[in-house]
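>>> With the input below, show me the fold.
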Amino acid sequence: MTRTATINRVTAETTIAVTLDLDGHGAGEISTGVGFYDHMLNQIARHGGFDLSVATSGDLHVDAHHTMEDTALALGAAFAEALGDKRGVTRYGHALVPLDEVLAQAVVDLSGRPYVVHDEPALTVGLIGPAYPTSMTRHVWESFGHAARMTLHVAVLRAARPGVQPDAHHVVEAQFKAVARALRQAVAIDARAVNTIPSTKGSL
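Numbering: from 1, shown residues only. Sure, this is the predicted structure:
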């Protein structure tokens, strides 16, 4: 069984090509034009154990919004396609990931019902690096979760030491690593139910 997908998404604002192998080795080849976003999507590949290629050309002369949103939509669509009917998957995944002072939690249900909850502290910087708007992290999770047709909860449980402003880089990166680890668990094949769809409804 191969669990792979290729998604090509073309609009007047972006051109995107995504390839995904759920049973890869964590290899990422990412180019979106937004350096910190590339770094974050590489976290999804490496810590999820997925082989992931993303090539995005977007209207960065406007801002990063369309590039980031459309890439997240294409990535979510790739997960949905690669999972197929979800036969044999574990379905649920959860992870707690520390990054120095930050602690992030992600919980995934490959439910077929798009629903995203995101809880992040207010960040005092508008950009990470030259082009990643900190306001976009929630929108990335919403776009990804809805396109992937999954329930996704992402929460920053601890953002900083008392009396210290959160480090935006750490706050966002911990989230991506937590989501990667939760996805890795959720998409894994359950050896006890290889040919079974993990739902009493018989479909997800």
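
>>> Low-confidence bits of the protein, can you list those?
For the chain, no stretch is flagged by pLDDT under 70.

>>> Mind jotting down where the helices sit in this protein?
Assigned by DSSP state H, the helices in the chain fall at 35-48, 65-83, 136-148, 168-187.

>>> so Ala155 makes contact with Ala104?
Yes - using Cβ atoms under 8 Å, Ala155 is in contact with Ala104, at 7.1 Å. No exception for glycine: its C-beta is placed from N, CA and C like everyone else's.

>>> Looking at these two, which is more packed in?
Per other Cβ atoms under 10 Å, whichever of Ala155 and Ala104 has more neighbours is Ala104, with 28 against 16.

>>> list the contacts for the nearest residue to that one once chain neighbours are set aside?
Distances taken as Cβ to Cβ, 6 or more residues apart in numbering place Ala174 nearest to Ala104, at 3.7 Å, with adjacent residues excluded. Counting by Cβ atoms under 8 Å, 6 or more residues apart in numbering, Ala174 touches 97-99, 102-104, 156.

>>> same question, Pro166
So Pro166 contacts 102, 121, 123-124, 159-160 (Cβ under 8 Å, 6+ apart).

>>> That one and Trp141: what is the separation?
18 Å (Cβ to Cβ, to the nearest Å).

>>> For the residue lying closest to Val97 once chain neighbours are set aside, the count of nearby residues, please.
Once flanking residues are discounted, Val97 sits nearest to Ala178: 4.1 Å by Cβ to Cβ, 6+ apart. The tally of other residues near Ala178 (other Cβ under 10 Å) stands at 29.

>>> Thank you kindly, that will do.
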